[in-house]
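# starting from these lines, generate the structure:
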Amino acid sequence: MNSPYSGFVGQVWDEFPQLAEWHNLDNTKLPMWNLDKFVEAGYHNFLAERKPLYNLSKLIEKYAVQNSEPILASFEEIARYKFVESRYQKMIEKIPKIWVIADFGKAELKTSSKIQLHDCKNTDLVNVWTVITRGPYGPFGLIAEEIGEGNFRGFFTLNSNVCRYALKIMGNLLGTKFTIQ
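Purely as a prediction, here's the structure:
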């Protein structure tokens, strides 16, 4: 099956043929489930607007805080990060590390040394929304790409190999290593 994705998300998806087997050709809507329901599903392919994607992001962030796990989050642009910046400043008091990826432009942010900022300008990550943390079996989270103003296509996965691969590609693109193992 040809990848329904492009850019970074397509590169991740193409590496794992089993995702095609789980893929719903109709791209289901992203439900407003609790995290337990997503975990029960294990994998969920979706089309989404910002609201349900934001809801899923907050569920993953809450899990990271409750379990004192690191988190990586990518935002398309600085304004998207600024929207959650105060929440992230509070989260970092309870978790060991946060990596934030966004097109920061010329903005200079003052933040905790435990929050690492990575500029994704001129990379395949500028249209990517990811939130990944560590669960009991390794990294898990959501990986999505913007396909039109405020519309996203992507998937939630518990498959730690998929998330590790995504983290590796992100690290290679940004010249760093993300250690959510």
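# chain neighbours aside, what residue packs nearest to the most centrally placed residue in the chain?
For the chain, residue 130 is the residue whose C-alpha lies nearest the centre (C-alpha atoms, centre = their mean; 1.4 Å). Distance criterion C-beta to C-beta, 6 or more residues apart in numbering; nearest residue to residue 130, sequence neighbours excluded, is residue 74 at 4.6 Å. Where C-beta positions appear, they are placed from N, C-alpha and C, glycine not excepted.
# the one you found and residue 125 touch, don't they?
Yes. Contact criterion C-beta atoms under 8 Å: residue 74 and residue 125 qualify, at 5.9 Å.
# what do these two both touch?
Residues within reach of residue 74 and of residue 125 at once, by C-beta atoms under 8 Å, 6 or more residues apart in numbering, are 101, 170.
# returning to that earlier point: residues in contact with the residue nearest to the centre of the chain?
Applying C-beta under 8 Å, 6+ apart to residue 130 gives the contacts 72-74, 101, 141-144, 166, 170.
# tell me which of those fall in helices.
Among the contacts of residue 130, DSSP state H puts 166, 170 in helices.
# so of the contacts of residue 130, which ones are in strands?
72-74, 101, 141-144 (DSSP state E).
# compare those residues and tell me which has the most neighbours.
Neighbour counts for the ones in strands among the contacts of residue 130, by other C-beta atoms under 10 Å, peak at residue 141, which reaches 29 neighbours.
# distance check, it against residue 149.
For residue 141, the distance to residue 149 equals 24 Å [C-beta to C-beta, to the nearest Å].
# would you list the ones in strands among the contacts of residue 130 in a markdown table and tack on distance to residue 7?
What follows is these, written out as a markdown table (distance: C-beta to C-beta, whole Å):
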| residue | distance to residue 7 |
| --- | --- |
| 72 | 18 |
| 73 | 18 |
| 74 | 12 |
| 101 | 14 |
| 141 | 18 |
| 142 | 16 |
| 143 | 11 |
| 144 | 11 |
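# surely residue 173 is in contact with residue 122?
No. Between residue 173 and residue 122 there is no contact under C-beta under 8 Å: 9.8 Å.
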